[in-house]
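**Student:** What shape does this take:
(2 chains)
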Protein chains: 2
Amino acid sequence: MTRALRLRTIADVAPDVASGAVSARELTEACLDRIAERDGDLNAFIAVDADGARAAARAADDEIAAGHCRGPLHGIPISLKDLIDVAGSPTTAASNVRPRTPVAADAPVVAKLRAAGAIVLGKCNLHEFAFGTTSEDSAFGPVHNPHDLSRSPGGSSGGSAAAVADGMSFGSIGTDTGGSIRIPSAACGTIGLKPSFGELSCEGIVPLSRTLDHVGPLARSVADAGMLYDVMAGRTPRLPAEMPLPDRCRLGVPRPYFLDRVDPEVRRRFDEALARLGQAGVEVTEAEIPHAGDIAAVYLPIVLAEGMAYHAATLDRRPEDYTAGVRLRLEMGRYVLAEDYVRARRGQEVLQREVAESLTACDALILPTLAIPAPSLGVDTVEVDGHTDSVRSLTLRLTQGFNLSGHPAISLPCGRTPDGLPCAVQLVGRRDRTADLLDVARRVEAIIDDHGGHTGNAASDRVAT
Amino acid sequence: MTRALRLRTIADVAPDVASGAVSARELTEACLDRIAERDGDLNAFIAVDADGARAAARAADDEIAAGHCRGPLHGIPISLKDLIDVAGSPTTAASNVRPRTPVAADAPVVAKLRAAGAIVLGKCNLHEFAFGTTSEDSAFGPVHNPHDLSRSPGGSSGGSAAAVADGMSFGSIGTDTGGSIRIPSAACGTIGLKPSFGELSCEGIVPLSRTLDHVGPLARSVADAGMLYDVMAGRTPRLPAEMPLPDRCRLGVPRPYFLDRVDPEVRRRFDEALARLGQAGVEVTEAEIPHAGDIAAVYLPIVLAEGMAYHAATLDRRPEDYTAGVRLRLEMGRYVLAEDYVRARRGQEVLQREVAESLTACDALILPTLAIPAPSLGVDTVEVDGHTDSVRSLTLRLTQGFNLSGHPAISLPCGRTPDGLPCAVQLVGRRDRTADLLDVARRVEAIIDDHGGHTGNAASDRVAT
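**Tutor:** Residues are numbered from 1 along each chain as shown, chains lettered A, B, ... in the order given. From the prediction side, this is the model:
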């Protein structure tokens, strides 16, 4: 079957936009139609700027008609997590704490995307202030998973992942402090990239933890994520046809921590992916991160203390304006002692060294992204492998370590559970080598791609076509 | 009059060592004699390795006799703050908390100094764990100022400054977390250099605050400090004859904070120095560090929290093994909240930017090093300009800001009070441009040098010859 226009990848549709075969207006209307049809269920958007998007699409089409194409993002409708400043609209952070007055200027990453021709459709819903992994606690109500409306899309960039998976936008920009791009990507079957720490400017983005925050793309293919990333990094995006796949690559599996307490179905999809990679000639070895077991203990004081340093004054004045869940979690930050924070930062340095060391013997680490399938909305704990654990700690378990270490990491869809929920693998590359990680990820994607990651394709017509 | 051998500068004596006119043994014996004669009064040394020094001096002389000179530090006796590992002796940190067992290896900076031919005489007394500015709280008793035995030599590298000022060693290596090289240099009339943050390895040195700690030299001339610094930085040291003085330089005076609450005599010497610099053709302008008034508030939570992160376990087990003063100050670190620490780190970033900005319009900042002359031992508060303030905050007032900002800073003697106590100016240079700062400092030294900084010279025969 032919993939619906709204579900094509940027790489696939870009040449048609450049040639005039498909107009930016058609792409924009396809997304707006889908939003109108489906966002009542998903609640992926906080604000849709239909007029602005249509005007930008007309301008983009006029440029094409005049013989000027800005590149592969020309005329491509995208969405932005509503933590990121877009000129002319408020940045709500999904919170009643934030003013509802429009901000004056685009965040630098947004300005770069616009300059590359991307069309801003609107702002996506999220877990309030990005401080949660389910996108349930939002002043605008919970986001729903397009694969099962009773489930969370993951978070905190849940609206972005749902919008991309469901064909409401061709890509989205999210943020990732402990996994907030990768977790919803895994839960919704999209690609999610957290670049190397510090590569992309977080200016104009509401902070959660300044030493852990990253901004990055969610998309429907690795190539699409790569093009969005390239533009935000100030580079010229390249279509996949212009980029050879790497000949050889070696992947390291970091046992035991990262394969422990993983849902058996998720684990099965991961093992199948490893087998397929092996058959395709990818070398798979073992990797070691000796202090991986300390990741959660190191992560928590840092994110709590840095979150509190930002929120303390507001939390004192207007506690009732936070959602109960986020307020409770922020309040924990009041009791973190500085000596514990300082020790956690030392622990972070240990992890940085250990992850770097593990990557001397392989091109990338490979591990699951999310230890469990998308959790049901309203559920706080899940049982995995005989242990009952909080949804929060299970969802962060495999991703937060690479916020601490700063290494670039990408999540790719990797099959489904018998219930039809997406599973995902995560690849982690060397510091400041995000482009190399993207090359490895394209190779891995070509091998394990089940064409079932996002909704509305052959494997999931029942969800969305 | 001729300066006594033990009081000559390294730059002055080095050619004589190279030619064989003066032997390493003579230098070593001159220092050992002075220690024997005078350290009962000063208490500058915790341990003197006379046998080791004599053996090293013989070996150095043999090398010269065989035609091999390692450079300007060849055969030069130096001392080390007893916070720095020297193979074969314990690193006491002036504390009963530390084991009295010899350490196995030299700290990297010590290994480099030895490789350059320097002779290690012994380990200098200090404020316990470098956590104080008077060198009074030490398991080995207080250090006394060679210019007035009833006064503190400053701290925490008080023993190093006293040893260099009094001709017990030709140079010394100290550490500086809030001013611990520059404060005693100012109080004793030596040169003290805190290089740019991160330039010299702090490996093998007991930490106080890992984001503020620096290691650096104390010496009797800027050139000497420069040679010790060059060797520790892994570069070939150059004699001043090989280095032209910079033609022009522009100095910025950062008012008002850094000239506020300064003792009137110290201020008078500083103004006289500015006038002399102006007469000599140095351009003196105003500089601005808008948040200078926040320096102490930003510094305190950082040093307390990082100190506590290091000491907490020992403080729980063996509180009585700390001196009362240091224990009390460390205990304050227990109550620092992580949010306050995180905010202080943000404040630190603001100061880094502001100091960097102030240095775009001048080659170096010029300001006093120490707001007061060397304080009397046993005194906790001092009155300056009608305000009574603690000795600790007054001594740190003008130096700690550049630990926060990480900029290289050097203290130079600048006249005396009517009581004969040294005064000092401080120069602050651009980040990672310590060599440029040393050039400016040599020019300033040539203009303002009163030849009265260290003891035993024309201006202070009464103290020590």
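**Student:** element containing A:D16, please.
**Tutor:** helix A:10-19 (DSSP states H and E).
**Student:** Determine the set of other helices and strands touching whichever helix or strand comes after that helix.
**Tutor:** Counting by DSSP H and E, the next helix or strand C-terminal to helix A:10-19 is helix A:24-42. On a contact count with 3 or more C-beta pairs under 8 Å, 6 or more residues apart in numbering or on different chains; DSSP states H and E, helix A:24-42 meets helix A:10-19, strand A:45-48, helix A:50-65, strand A:77-81, strand A:119-124, helix A:158-165. C-beta here means a position set from N, CA and C on the backbone, and glycine is covered the same way.
**Student:** returning to what we had before: residues of the helix holding A:D16 that come out buried?
**Tutor:** Within helix A:10-19, the residues scored as buried using 16 or more other C-beta atoms under 10 Å in any protein chain shown are A:10-14, A:16-18.
**Student:** Adding pLDDT as columns, could you present those residues in TSV?
**Tutor:** Formatted as TSV, the buried residues of helix A:10-19 follow (pLDDT from 0 to 100):
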residue	pLDDT
A:I10	98
A:A11	97
A:D12	96
A:V13	97
A:A14	97
A:D16	97
A:V17	98
A:A18	97
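**Student:** just to revisit the earlier point, could you export the helices and strands packed on helix A:24-42 to CSV, including columns for distance to chain B?
**Tutor:** As requested, the helices and strands packed on helix A:24-42 are arranged in CSV below (distance: least, C-beta to the nearest C-beta, whole Å):
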stretch, distance to chain B
helix A:10-19, 37
strand A:45-48, 28
helix A:50-65, 35
strand A:77-81, 24
strand A:119-124, 27
helix A:158-165, 27
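**Student:** A:P290 is in contact with A:S358, correct?
**Tutor:** No - taking contacts as C-beta atoms under 8 Å, A:S358 lies outside contact range of A:P290: 9.3 Å.
**Student:** And those two? Which one has more around it.
**Tutor:** A:S358 (21 against 12; other C-beta atoms under 10 Å in any protein chain shown).
**Student:** What about the residue lying closest to that one once chain neighbours are set aside, how many residues nearby?
**Tutor:** Spatial nearest neighbour of A:S358, excluding adjacent residues (C-beta to C-beta, 6 or more residues apart in numbering or on different chains): A:A287 at 4.4 Å. Using other C-beta under 10 Å, A:A287 has 24 neighbouring residues.
**Student:** Is A:A287 bridged to anything, and to what?
**Tutor:** Beta-bridge partners recorded for A:A287 (DSSP bridges): A:P254.
**Student:** need the contact list for it.
**Tutor:** Neighbour list for A:A287: A:252-255, A:358-359, A:361-362, A:365 [criterion: C-beta atoms under 8 Å, 6 or more residues apart in numbering or on different chains].
**Student:** right, is the longest helix along chain A up against chain B?
**Tutor:** Using DSSP state H, we find that the single longest helix of chain A is helix A:295-317. Yes - if you take C-beta under 8 Å from any C-beta of the partner chain as the test, helix A:295-317 does meet chain B, through A:301, A:304-306, A:308-309, A:312.
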